[in-house]
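S.K.: Here you go, sequence then predicted model.
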Amino acid sequence: MSNLKYKVGDKVRIKSLDWYNENKNPKHGFVYFGHEFCFYTHMSKYCGKTLTISEIVGCCYVMAECVYDDNWTDEMIEELVEKATEQKLKLLQIQT
C-alpha cells in the first residue's frame, strides 16, 4: 500500500511553470525525480492549474482533465485545493 498524500476526488494544484522551468533538464525538457517517474514537457501545460484525481494506480495519480494517461506523483503537486466529498466522488464516477 502506498503512502500517497491525496485521494480520488481531491482537487490539487500542479506546481508552477516557474518550478518547471527552474527544474527541467535543459536538453530533454523534463524534470526527473531519481526514480521511474518524470514530469514531461507536455505536462507543463497543466502547471499552476487545478486538476481532479480520478484514479490511483500504484504510487501515482491519474487526473480526470488530462488527455494522456500520465503518472502524477506527490512531488508534482503544489497543494490540495479541495478535498473530495461523497457527492463529488459520485459525480466523478459518472463522468469516467
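M.R.: Yep, that arrived.
S.K.: From here on, just use CA atoms for contacts and neighbour counts.
M.R.: OK.
S.K.: Spatially nearest residue to the residue most central in space within the chain (excluding sequence neighbours)?
M.R.: By Cα atoms, centre = their mean, the chain has its centre lying nearest to Trp72, at 3.9 Å. Sequence neighbours aside, Tyr61 is the residue nearest to Trp72 in space, at 4.9 Å (criterion: Cα to Cα, 6 or more residues apart in numbering).
S.K.: Spit out the contact partners of the residue nearest to the centre of the chain.
M.R.: Trp72 makes contact with 39, 60-63 under the criterion Cα atoms under 8 Å, 6 or more residues apart in numbering.
S.K.: ok, now which residue in this structure is the farthest from the centroid?
M.R.: Distance to centre of the chain, Cα atoms, centre = their mean, peaks at Lys27 (23.2 Å).
S.K.: right, and Ile56 touches Val8 too?
M.R.: Yes: judged on Cα atoms under 8 Å, Ile56 makes contact with Val8 at a distance of 6.8 Å.
S.K.: what are the ranges of the helices in this protein?
M.R.: 17-23, 86-95 (DSSP state H).
S.K.: and the ones you listed, which one is worst for confidence?
M.R.: Among the helices of the chain, helix 86-95 carries the lowest mean pLDDT, a mean of 67.
S.K.: Going along the chain, name the strands of this structure.
M.R.: Under the criterion DSSP state E, the chain contains strands at 11-14, 31-32, 38-39, 50-57, 60-63, 77-82.
S.K.: got a markdown table for these, with distance to Asn3, mean neighbour count and mean pLDDT too?
M.R.: Shown next, in a markdown table, are those (distance: least, Cα to Cα, whole Å; neighbours: other Cα atoms under 10 Å; pLDDT from 0 to 100):
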| stretch | distance to Asn3 | mean neighbour count | mean pLDDT |
| --- | --- | --- | --- |
| strand 11-14 | 17 | 22 | 98 |
| strand 31-32 | 20 | 17 | 94 |
| strand 38-39 | 19 | 20 | 94 |
| strand 50-57 | 11 | 19 | 94 |
| strand 60-63 | 10 | 21 | 95 |
| strand 77-82 | 15 | 15 | 97 |
